[in-house]
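J.: return a 3D structure for these sequence lines:
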Amino acid sequence: MNGRLVWIPLCLAGIVALAVSLAKLPAWLAAFLPLAAGTLGYAWVVLKQNETTQARLASINVAIDGSELAMLILDAQGKLCRANAAFLRLSMLEENLPALAAQKLLPEVWWNFAQNLAASTLQSGHNSAEIMLPRGDRTALLRAHALGYTDTDDRQKVLILWEDIGGQAKVLHEALQREKQLLARSQTFIQSLIDVIPHPVYIKQLEDGESRYRMINEAFCKFHGRSRGGLLGLTTEELLGDTALGNAVTQEDKKVLEGRLLSLERETLSTSTGKASHTLVSKQACTDPAGHPVVVGTNYDITPWRAAEQNLKSALQREVEHREQVQSFIQRLIDMIPYPVHLKDSRGRYQMVNDAFVRDRGCSREQLLGHDSVEVAKAVDNQLLGAPDAKWERAQLSMEEDNAVLAGKTIVKEEHNTHPVTGAERFRTVHKRGGLDADGLPVIATAFFDVTKWRLAERALADSLAREKSMHERTQDFLQRLIDLIPEEFYVKDADSRYLLVNKAFLRRRGLENRQQAVGRSMQEVVLTSCQNNPVYQADPDLLAAALRDHNERIEISRAEDLEVLAGHTIVKEDHHVLPHSGEESFFEVVKMALTDAAGLPVIVCANFNITPLRQAQRQLQTLQNAASGTPEAQLGSTHPASPASAC
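T.: Modelled structure (predicted):
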């Protein structure tokens, strides 16, 4: 009982007692009147308390009946006390059935499950269970949550909430299937990726103390001369037939899985040819798509380099023994180089020149050897073409560069001048660096590489590129003006659904001021800009939020359509949209197809044809026909299958 109401009967009894004492009534009447007053006051308080309780119970029942959650209330004897409209819809019964009628019409399997759940809940206080129950012509997967409580009359009851989780299971199953397909595609991609690598690549996994091959590339199969199926699952010992080597490799794999990076050279005998090979082995640990630790290894066959190294050692020994022969060989070798090469001593005098340099200077080998650049310029002065100042500047610059090289600098530059003999324009790169000759004396090695034809080609290509760029810009401008003439929306998106090209009709419908607000941007960015520019949405933030949610749903649909188009399908559909703030209807014929742009990249070409006047005319015609025939007005249909709105 409310504490404030308790004082009412007490105060009433006190007031009556005071009045009796003042009125000097008989003793039995004086004792009876205060008691009667207190009793009447207490009865009035109890009545008011019951009225309050009944009002609260009525409001609770209204809340239960109006809830979208399916609810049942059972008493301790398993009798149905209340079933709201949501439960009646869930169990395929009429919504206005009273509790007794609902209990009789409820399928037996439903009623038995509810009673058993209620009985267990009365013992534990709460419970949950899942069950497959018949629902019309199909079976539904339901989850029931039960909670025990005590009502105002101190009677135990159980509230059961029902949830249809069949749709969630389907979504989870579809997600699982997508993950499996993604995993399979990832495995295929990894296999294709490593098959491209020309060196043996393999992935191993440690199982029961043995390191086994789980994935290998084509180069690995070719190296061992066996098929992929004959190699997968083998250990190193089984592959090479060498127990000691197999154990050593297994220990290496274990260390790699512990975090060590392995890089070493190994000499092995091929099981197919029996020949020795030198292999550079590199291993590193990672996790596979399933989360298992694996060893990723690659073998680089360096047998040719090892053989070349041995040959070079032999050649070096021969150079020591036959210096003059080697010197002659070097001369013949550099003479085969088509570009000028020469060697100078520390005083800038030519010690060795090749035939190309002799031809380039327009003089004999004897005029060059033992002389510096300035002396050579003086000796051949009468044979050179061009301004004398230019040739003297070159000779002086060459001497300065020689001194810089002797000081430890390496010179790599490109020079543009005229040929000293022919006077033709030429471009060439100059490489100068210092070193020591066979006697340990400093020398300057210089090589010239004529790049005239490439520079001239580069110049021609630059001119051609400028022309092509100008042509591309004019073509793009023409294409933009062309699609701007189309009165309906026309736009092109890339493979990531970003807008590449839009026409004026596209901008007008979305209220965009210029193409920069659309080109290069995603659908989400364009929709956000369009909605923020709309005066209706600017005046009502709630309406803006609702519009953005609606557009986001349509964007997801449009992205799914884009992926379908990129997969090779052409989409032709009708899009029906109703503006939430005005109720204005619009109908669009949407066409999407995939093409390849000038760069060979896939693009999505879209066109939205406004057929709202056609649909409105059809509706008016249908109305007139219905009025003429006396048929009730029917809703306007579509010539295309119903599809969600996208038009993005």
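
J.: for the residue nearest the centre of the chain, helix, strand, or coil?
T.: Nearest to the centroid of the C-alpha atoms of the chain, with distances taken as CA atoms, centre = their mean, sits Asp496, at 10.4 Å. Secondary structure, DSSP: H, G, I helix; E, B strand; the rest coil: Asp496 is coil.

J.: from here on, call the first residue 36.
T.: Yep, numbering from 36; the last one is Asp531 now.

J.: quick check: it vs Glu588, distance?
T.: Taking CB to CB, to the nearest Å as the criterion, Asp531 is separated from Glu588 by 20 Å. Placement of C-beta: from N, CA and C, glycine included.

J.: tell me where the model's unsure across the stretch 286-435 of the chain.
T.: Counting by pLDDT under 70, the stretch 286-435 of the chain contains low-confidence ranges at 305-307, 415-426.

J.: rerun that using 80 as the cut-off
T.: Within the stretch 286-435 of the chain, the stretches with pLDDT under 80 are 303-312, 324-325, 351-355, 357-358, 361, 412-430.

J.: show me where it has helices.
T.: Assigned helices in the stretch 286-435 of the chain, in chain order: 338-356, 358-370, 390-396, 408-414, 423-441 (criterion: DSSP state H, counting those that start in this stretch).

J.: elements contacting the third one?
T.: Counting contacts by 3 or more CB pairs under 8 Å, 6 or more residues apart in numbering; DSSP states H and E, helix 390-396 is packed against strand 376-379.

J.: in its sheet, what does the strand it packs on sit against?
T.: For strand 376-379, the paired strands and their directions (DSSP bridges) read strand 385-388 (antiparallel), strand 477-485 (antiparallel).

J.: now render those as CSV, adding distance to Gln362 and mean neighbour count.
T.: Formatted as CSV, the entries for the strands paired with strand 376-379 read as follows, by distance: least, CB to CB, whole Å; neighbours: other CB atoms under 10 Å:
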stretch, distance to Gln362, mean neighbour count
strand 385-388, 9, 20
strand 477-485, 13, 19
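
J.: of all these, which lies closest to Thr156?
T.: Proximity to Thr156, assessed across the strands paired with strand 376-379 by CB to CB, is greatest for strand 477-485 (91.0 Å).

J.: return the distance of the next helix or strand after the closest one from the chain's centre.
T.: Scanning forward in sequence from strand 477-485, with DSSP states H and E defining helices and strands, the next element found is helix 487-519. Using CA atoms, centre = their mean, to the nearest Å, the distance from the centre of helix 487-519 to the centre of the chain it belongs to is 34 Å.

J.: contact partners of the helix or strand following helix 487-519?
T.: Using DSSP H and E, the helix or strand that follows helix 487-519 towards the C-terminus is strand 524-528. The contact list for strand 524-528, computed with CB atoms under 8 Å, 6 or more residues apart in numbering, reads 518, 534-538, 540-541, 544, 553, 597, 623, 638-643, 645.

J.: in strands only, show me these.
T.: Taking DSSP state E, the ones among the contacts of strand 524-528 that sit in strands are Tyr534, Leu535, Leu536, Val537, Phe623, Val638, Ile639, Val640, Cys641, Ala642, Asn643, Asn645.

J.: okay, now the second one: neighbour count?
T.: This points to Leu535. Per other CB atoms under 10 Å, the neighbour tally for Leu535 reads 16.

J.: do the same with the fourth one
T.: Neighbourhood size, Val537 [other CB under 10 Å]: 24.

J.: how about stretch 387-404: buried residues?
T.: Residues of stretch 387-404 classed as buried under the neighbour-count rule (16 or more other CB atoms under 10 Å) are Met387, Val388, Asn389, Asp390, Ala391, Phe392, Val393, Asp395, Arg396, Cys398, Gln402, Leu403.

J.: how distant is that stretch from the center of its chain?
T.: What separates the centre of stretch 387-404 from the centre of its chain is 63 Å, taken as CA atoms, centre = their mean.

J.: stretch 355-374 now?
T.: 59 Å.

J.: quick check: closest non-adjacent residue to Val388.
T.: Distance criterion CB to CB, 6 or more residues apart in numbering; nearest residue to Val388, sequence neighbours excluded, is His377 at 4.3 Å.

J.: please report the distance of the residue nearest to the centre of the chain from Val291.
T.: Distance, Asp531 to Val291, using CB to CB: 38 Å.

J.: and for Gln657?
T.: The gap separating Gln657 from Val291 is 75 Å, by CB to CB.

J.: any idea which element Glu165 lies in?
T.: Here Glu165, judged by DSSP H and E, is contained in strand 161-170.

J.: buried ones in the helix or strand following that strand?
T.: Of the helices and strands lying after strand 161-170 in sequence (DSSP H and E), the nearest is strand 173-185. Going by neighbour count (16+ other CB under 10 Å), the buried part of strand 173-185 is Ala175, Leu176, Leu177, Ala179, His180, Ala181, Gly183.

J.: pairing partners for strand 173-185, with directions?
T.: Each strand paired with strand 173-185, and its direction, by DSSP bridges: strand 161-170 (antiparallel), strand 191-199 (antiparallel).

J.: contacts for that strand?
T.: The list of residues contacting strand 173-185 from outside it, by CB under 8 Å, 6+ apart, reads 125, 148-149, 152-153, 155-157, 159-169, 191-201, 204.

J.: could you pick out the buried ones from the residues you listed?
T.: Buried subset of the contacts of strand 173-185 (neighbour count, 16+ other CB under 10 Å): 125, 148-149, 152-153, 156-157, 162, 168, 192-197.

J.: nearest to Val613 among those residues?
T.: Of all the buried ones among the contacts of strand 173-185, Leu125 has the smallest distance to Val613: 30.1 Å, by CB to CB.

J.: if I look at that closest one, how far off is Ile195?
T.: In this view, Leu125 and Ile195 are 11 Å apart by CB to CB.

J.: likewise Ile606?
T.: Looking at Ile606 against Ile195, where the rule is CB to CB, the gap reads 46 Å.

J.: ok, Trp340 next?
T.: Distance of Trp340 to Ile195, given as CB to CB: 78 Å.

J.: reformat the strands paired with strand 173-185 as a markdown table; add mean pLDDT and distance to Leu614.
T.: What follows is those, written out as a markdown table (pLDDT from 0 to 100; distance: least, CB to CB, whole Å):
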| stretch | mean pLDDT | distance to Leu614 |
| --- | --- | --- |
| strand 161-170 | 86 | 37 |
| strand 191-199 | 88 | 33 |
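
J.: can I get the ones you listed in TSV including distance to Ala480?
T.: Output for these, formatted as TSV (distance: least, CB to CB, whole Å):
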stretch	distance to Ala480
strand 161-170	84
strand 191-199	85
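
J.: can you say which of those strands is nearest to Gly276?
T.: Ranking these by distance to Gly276, with CB to CB as the measure, places strand 161-170 first at 56.6 Å.

J.: now do that closest one: distance to the chain's middle.
T.: 39 Å.

J.: what does that strand rub up against?
T.: In contact with strand 161-170 (CB under 8 Å, 6+ apart) are residues 125-127, 142, 144-145, 148, 152, 155-156, 174-183, 200.

J.: do that again at 7 Å, thanks
T.: Strand 161-170 is contacted from outside by 127, 142, 144-145, 148, 152, 155-156, 174-183, using CB atoms under 7 Å, 6 or more residues apart in numbering.

J.: how about the helix or strand where Ala136 lies: buried residues?
T.: With elements taken from DSSP H and E, the one containing Ala136 is helix 134-140. Of the residues in helix 134-140, those buried by neighbour count under the rule 16+ other CB under 10 Å are Ala137, Gln138.

J.: what's the mean pLDDT across that helix?
T.: For helix 134-140, the mean pLDDT works out to 76.

J.: counting contacts, what elements does that helix pack onto?
T.: Here helix 134-140 touches strand 115-118, going by 3 or more CB pairs under 7 Å, 6 or more residues apart in numbering; DSSP states H and E.

J.: neighbours around the residue lying closest to Asp531 once chain neighbours are set aside, how many?
T.: Once flanking residues are discounted, Asp531 sits nearest to Ser557: 7.6 Å by CB to CB, 6+ apart. Other residues lying near Ser557 total 16 when counted by other CB under 10 Å.
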